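A.B. asks: Mind folding the following:
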Amino acid sequence: MMNKKVTPNGTPYEIFVKYGGVYKSPEDRDENYLGPLVAYDGNYVGFYYYNTAPIEQSLETREYFSNLLAETIKANCDFPSCHLIATPEDFVLATDIADKLQCPVSFFEKKDRQKIQFGGNYIIFEGVCNNFFATQTMIDFIKSARGNVAAIACIINRSEKKSFCDIPVLSVIHIPTPQYRQDDPIVKKLIEECNIVWEPKKYWDFLQEEMRRGIR
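C.D. replies: Numbers count the residues shown, from 1 in each chain. Next up is the predicted model:
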């Protein structure tokens, strides 16, 4: 007897939260954030962090999100064939998405220029899109090898952008989320108190516990 496929219940964002992919700073009863803050690339910090690692660890959520993103890509990319390219950090989801798109997948390393084919069409995949620093590096790399970037795809797009460098940003969840420079008055006091986690993924269990404490 075949096992029935399990589909998580709820909206994509609700499922992402349920499976431990979101950190939100605790608040007091006046809705003031208490921290800890979390750090992002480019010296920015904030009160939210989105992490695809817990989603990868569950077969049902991995299948759910990779299916949704693959369908989004198919609906928005007119190219008959594409090559998915991602950072090694996104290996698991990238492989699943490439399988569903029935396309090749490569992992971005500067030394591997030969992976880029002249005139080839590429989709850049990242688990979470935010400041697009890594994305820009991959775009430059592909273009320098005369490749074409058809789309940027991600599970969560936390930026305001729906396109970057005139390339569409395709996502399962688009949730613009504020971030702050470290000298911003909104976060300055928490940083002075060292109430910040500089490596959120490394201390994810701690952040989840802080979030569960809720209002205090």
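A.B. asks: And the residue most central in space within the chain, which helix or strand is it part of?
C.D. replies: With distances taken as C-alpha atoms, centre = their mean, the residue of the chain nearest its centroid is residue 128 (1.1 Å). Residue 128 is part of strand 121-129 when elements are defined by DSSP states H and E.
A.B. asks: Could you tell me which strands sit next to that strand in the sheet, and their orientation?
C.D. replies: Strand pairing for strand 121-129, determined by DSSP bridges: strand 83-86 (parallel), strand 148-157 (parallel).
A.B. asks: Show me which residues of the longest one are buried.
C.D. replies: Within strand 148-157, the residues that count as buried by 16 or more other C-beta atoms under 10 Å are 149, 150, 151, 152, 153, 154, 155, 156, 157. (Each C-beta comes from the backbone N, C-alpha and C, glycine too.)
A.B. asks: cool, stretch 44-57 as well?
C.D. replies: Within stretch 44-57, the residues that count as buried by 16+ other C-beta under 10 Å are 44, 45, 46, 47, 48, 49, 50, 51, 52, 54, 55, 56.
A.B. asks: Count the neighbours of residue 137 for me.
C.D. replies: Residue 137 has 13 neighbouring residues, counting by other C-beta atoms under 10 Å.
A.B. asks: ignore the last one, residue 63
C.D. replies: Using other C-beta under 10 Å, residue 63 has 16 neighbouring residues.
A.B. asks: now it, nearest residue through space, not along the chain?
C.D. replies: residue 96 (7.2 Å; C-beta to C-beta, 6 or more residues apart in numbering).
A.B. asks: How about residue 165?
C.D. replies: Among residues not flanking residue 165 along the chain, residue 139 sits closest, at 5.9 Å (C-beta to C-beta, 6+ apart).
A.B. asks: Now do the same contact list for the one you found.
C.D. replies: Residues near residue 139 by C-beta atoms under 8 Å, 6 or more residues apart in numbering: 124, 149, 165, 167.
A.B. asks: low-confidence ranges in the chain?
C.D. replies: The chain contains residues with pLDDT under 70 at 1-6, 42, 110-119, 214-216.
A.B. asks: picking that back up, the residue nearest to the centre of the chain reaches residue 53, doesn't it?
C.D. replies: No - with contacts counted by C-beta atoms under 8 Å, residue 128 stays clear of residue 53, the gap being 10.5 Å.
A.B. asks: Double-check residue 90 against residue 53; I have them as touching.
C.D. replies: No - contact criterion C-beta under 8 Å: residue 90 and residue 53 do not qualify, at 9.9 Å.
A.B. asks: Could you verify my assumption that the residue nearest to residue 63 touches residue 59?
C.D. replies: No - judged on C-beta under 8 Å, residue 96 makes no contact with residue 59 at a distance of 10.0 Å.
A.B. asks: more crowded one of the two?
C.D. replies: Using other C-beta under 10 Å as the criterion, residue 96 and residue 59 rank with residue 96 on top: 20 against 11.
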